[in-house]
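K.L.:
My questions concern the predicted model and sequence given below.
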Amino acid sequence: MSSVAVEIVDIHKSFGKTRALRGASLLARAGEIHAIVGENGSGKSTLAKIASGIILPDAGTVSVFGATPRTPVAAIAAGVATIYQEMMLAEELSVWENLFAGSDSTWRRRRSNTQKRAETHEVLSRLAACPIDPDARVADLTLSVKQWVVIARALVQKPRVLIFDESSAALDLEATSRLHEEMRALRDGGTAVLIVTHRIAELVKIADVATVLRDGETVGRLERAEITEGNILRLMSAASGHSARGRSAAATAVGAEVLSARGLQTRASAPTVEFGLRAGQIVGLAGLEGAGQVEFIAALAGIAAPVGGHVEAPSGQVDGLRAAEAAGIVYVSGDRKREGIFPNLSILENFGMAIYPRSGRLFGLLNGAATSAAFAREVDRLAIKSGQPGDRITTLSGGNQQKVLIARAFALSPKVILLNDPTRGVDIGTKQALWRQLRAFADAGGAVVYLSTEIEEFFNFVDRACVFFDGSIFAEVAATDLSEDRLLAAMFGQSAAPTFGDAALSPKPAQMEGAA
């Protein structure tokens, strides 16, 4: 049997009145992929940070190959590298400078800059589908490429224990498959790979062992043969009726068209897009990274101007943010750190930022009572787990931060909600609650465009899915025809629907050239 890599016993940790962990335990071995799973607020990320030496426990013991790391430096010395959910990168530095930041001592360089560039090129060539220039400025990279940079930074440390904290959340299906291959290679080389993830379908494919947390406690340990969606959900929810998919069976009445795209081009060489959205509809957007779906939803939201064509609403052409607001269009980004939250403001202030102008004023001052009342309604509707409304929003888990942003969107009483991968880093229970709320919103006459990198979200939820390939909509699939094979085939520019395996999702060379 492999040696014990990480052993965590009876860990307790509180942040003020919030008890994040209350007796959690975990045992992970070398040469094993070990998943840590649970709903938002269950303590997963706190447990990972304790193993990384970032946070000290209030009680309990932590051992990494026999050492007890109590600082990040000590954890690194013990062989631990951690890839956190929030991408901590020096945006103005180059890719290679980010990979090797802090690797040299004050007086001695362990590698020359030429060696660092070469090693950066080697590791990123292994990970990413398209070349990444080691000298590129990080601020100029896309979200998914930044994710590869963060992962590569951990790999150059050649760790004995590698912890992924929701680090595939910014990657699409094909990129996640390549990351899985890298995880397996690390495992086979003797590395203990710990993954914190909300993607249950992902961990069912990749994990050798799963530790399940609920309310800060370890409630189960599953071995390879026991790792199923049903077992995981049962342990997470403490109830067997926790369904993985949440659309009601009743058909939704479809109303008038509320948003359309006519002859739309988001890049010069791409085919034009014709698109219509009606009241009562939920339309999913899917595609591999760079296929055009992100640019499309940005054009619908008035955030980015298209190369050609236009977006129309009943109020007129949507050619900017003011026009989108006038049309009742609200946009929610999944990249909450850069495009959503104000980290130095409170939970209530983050919620109220968009609705302050609508709340009215009392004696020339903001109407805090109206904002607080709206916040209370949305907290109840979305089951946001938070401390005091005056606490900083960064005191919330990532999933609850995202709930605040979605609550802010609902509070604007929109006609159309556009969501760009809104459940990135969000647990299955939160996803289900959001799906129910979006379906209720559509049933009441609203309309939704829902972009997701997780195609399993579309089943029993959307009315149709638009699949992007090479900068345009390649296929539209009705709810009755949705299947994983059908969506995957369209994502790779194929009309047929072959069966894909987890390790066989890379497009053919000609397809890659067409998607570039």
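P.N.:
Everything's here; your move.
K.L.:
Report the contact partners of the closest residue in space to residue 289 that isn't next to it in sequence.
P.N.:
In space, and not counting its chain neighbours, residue 289 is closest to residue 172: 4.5 Å by CB to CB, 6 or more residues apart in numbering. Backbone N, C-alpha and C define where each C-beta goes, glycine included. With CB atoms under 8 Å, 6 or more residues apart in numbering as the criterion, the residues that contact residue 172 are 144, 287-289, 453.
K.L.:
cool, residue 20 as well?
P.N.:
By CB under 8 Å, 6+ apart, the neighbours of residue 20 are 13-14, 43, 46, 216.
K.L.:
Output the helix or strand harbouring it as PDB, restricted to C-alpha atoms.
P.N.:
In this structure, residue 20 is located in strand 18-29 according to DSSP states H and E. C-alpha atoms of strand 18-29 as PDB (Å, rounded to 0.1, in the frame of the first residue of the first chain):
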ATOM      1  CA  THR A  18     -18.700  31.100  12.000                       C
ATOM      2  CA  ARG A  19     -17.600  27.500  12.500                       C
ATOM      3  CA  ALA A  20     -16.000  26.500   9.200                       C
ATOM      4  CA  LEU A  21     -14.700  23.100  10.400                       C
ATOM      5  CA  ARG A  22     -15.900  21.000  13.300                       C
ATOM      6  CA  GLY A  23     -14.100  17.700  13.500                       C
ATOM      7  CA  ALA A  24     -13.100  17.200   9.800                       C
ATOM      8  CA  SER A  25     -10.700  14.400   9.000                       C
ATOM      9  CA  LEU A  26      -9.000  13.200   5.800                       C
ATOM     10  CA  LEU A  27      -6.400  10.700   4.700                       C
ATOM     11  CA  ALA A  28      -4.700  10.800   1.300                       C
ATOM     12  CA  ARG A  29      -2.000   8.500   0.000                       C
END
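K.L.:
where does the residue nearest the centre of the chain land in three-state SS?
P.N.:
In the chain, the C-alpha nearest the mean C-alpha coordinate belongs to residue 424, at 2.0 Å (CA atoms, centre = their mean). In three-state terms, and counting by DSSP: H, G, I helix; E, B strand; the rest coil, residue 424 is coil.
K.L.:
So it is in contact with residue 431, correct?
P.N.:
No. The pair residue 424 and residue 431 does not pass the contact test of CB atoms under 8 Å, sitting 10.6 Å apart.
K.L.:
Check the gap between the residue nearest to the centre of the chain and residue 143 for me.
P.N.:
9 Å (CB to CB, to the nearest Å).
K.L.:
How about residue 34?
P.N.:
Following CB to CB, the distance that separates residue 34 from residue 143 is 27 Å.
K.L.:
Equivalent analysis for residue 197, please.
P.N.:
17 Å.
K.L.:
Mind checking which of the two has more residues around it?
P.N.:
Between residue 197 and residue 143, residue 197 has the larger neighbour count (other CB atoms under 10 Å), namely 23 against 20.
K.L.:
Next, the contact list for the more buried one, please.
P.N.:
35, 37, 164, 166, 168, 203.
K.L.:
Same question for residue 25.
P.N.:
8-11, 60, 218.
K.L.:
again, only using 10 Å
P.N.:
7-11, 47, 60-61, 211, 213, 217-218, 221 (CB atoms under 10 Å, 6 or more residues apart in numbering).
K.L.:
again, but for residue 125
P.N.:
By CB under 10 Å, 6+ apart, the neighbours of residue 125 are 131-132, 152.
K.L.:
ditto for residue 261
P.N.:
So residue 261 contacts 272-277, 296, 299-300, 306, 309-312, 318, 473 (CB under 10 Å, 6+ apart).
K.L.:
Just to be sure, it is in a helix?
P.N.:
No. Going by three-state DSSP, the assignment for residue 261 is strand, not a helix.
K.L.:
Name the nearest residue to it, sequence neighbours excluded.
P.N.:
Per CB to CB, 6+ apart, closest to residue 261 is residue 275, 4.1 Å.
K.L.:
Same check on residue 423?
P.N.:
Looking at residue 423 with CB to CB, 6+ apart, the closest residue is residue 431, at 4.9 Å.
K.L.:
State the number of residues packed around that neighbour.
P.N.:
22.
K.L.:
Does it touch residue 458 like I think?
P.N.:
No. In this structure residue 431 lies outside contact range of residue 458 using CB atoms under 10 Å: 11.9 Å.
K.L.:
ok, back up a step: now compare the contacts of residue 172 and name the two farthest from each other.
P.N.:
Across the contacts of residue 172, the longest distance by CB to CB is 12.3 Å; it joins 144 and 287.
K.L.:
How much space separates residue 269 from residue 310?
P.N.:
19 Å.
K.L.:
Name the residue in the two with the higher neighbour count.
P.N.:
residue 310 (15 against 9).
K.L.:
so who does residue 420 touch?
P.N.:
Per CB under 10 Å, 6+ apart, neighbours of residue 420: 285, 293-294, 297-298, 301, 303, 331-335, 339, 449-452.
K.L.:
Restrict stretch 406-422 to CA atoms and write it as CSV.
P.N.:
C-alpha atoms of stretch 406-422 as CSV (Å, rounded to 0.1, in the frame of the first residue of the first chain):
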residue,chain,number,x,y,z
ILE,A,406,-27.3,36.9,-8.9
ALA,A,407,-29.5,38.4,-6.2
ARG,A,408,-28.4,41.8,-7.4
ALA,A,409,-29.6,40.9,-10.9
PHE,A,410,-33.0,39.7,-9.8
ALA,A,411,-33.5,42.8,-7.7
LEU,A,412,-33.3,44.9,-10.8
SER,A,413,-36.6,43.3,-12.0
PRO,A,414,-35.1,42.5,-15.5
LYS,A,415,-36.9,41.3,-18.6
VAL,A,416,-33.8,39.4,-19.8
ILE,A,417,-31.0,37.8,-17.7
LEU,A,418,-27.8,36.9,-19.4
LEU,A,419,-25.5,34.6,-17.4
ASN,A,420,-21.9,33.9,-18.4
ASP,A,421,-20.9,30.6,-16.6
PRO,A,422,-22.6,31.7,-13.4
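K.L.:
I'd assumed residue 280 was in contact with residue 258.
P.N.:
Yes. Between residue 258 and residue 280 there is a contact under CB under 10 Å: 9.3 Å.
K.L.:
Touching both of those two, which residues are there?
P.N.:
445-447.
K.L.:
The protein - how does it break down into domains?
P.N.:
Per automatic domain parsing, the domain ranges recorded for the chain read 4-237, 257-328+414-515, 340-413.
K.L.:
ranking the contacts of residue 172 by neighbours, who comes first?
P.N.:
Counting neighbours by other CB under 10 Å, residue 287 comes out on top of the contacts of residue 172 with 29 neighbours.
K.L.:
for it, phi and psi?
P.N.:
phi 160, psi 160 (degrees, to the nearest 10).
K.L.:
What's the separation between it and residue 478?
P.N.:
Taken as CB to CB, the span from residue 287 to residue 478 is 18 Å.
K.L.:
Also residue 342?
P.N.:
40 Å.
K.L.:
Name the residues contacting each of residue 144 and residue 287.
P.N.:
Joint contacts of residue 144 and residue 287 (CB under 10 Å, 6+ apart) are 172, 294, 453.
K.L.:
So the last one sits against residue 202, correct?
P.N.:
No. With contacts counted by CB under 10 Å, residue 453 stays clear of residue 202, the gap being 11.0 Å.
K.L.:
Looks to me like residue 8 is in a helix.
P.N.:
No. Per three-state DSSP, residue 8 lies outside any helix segment and is strand.
K.L.:
Any idea how many residues pack against it?
P.N.:
Residue 8: 22 neighbours (other CB under 10 Å).
K.L.:
which ones are touching it?
P.N.:
With CB under 10 Å, 6+ apart, residue 8 has these contacts: 21, 24-28, 47, 50-51, 57, 60-64, 211, 218.
K.L.:
ChimeraX command to pick out the buried ones of these?
P.N.:
The command below creates a ChimeraX selection of those among those that count as buried (16 or more other CB atoms under 10 Å):
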select :21,24,25,26,27,28,47,50,51,57,60,62,63,64,211,218
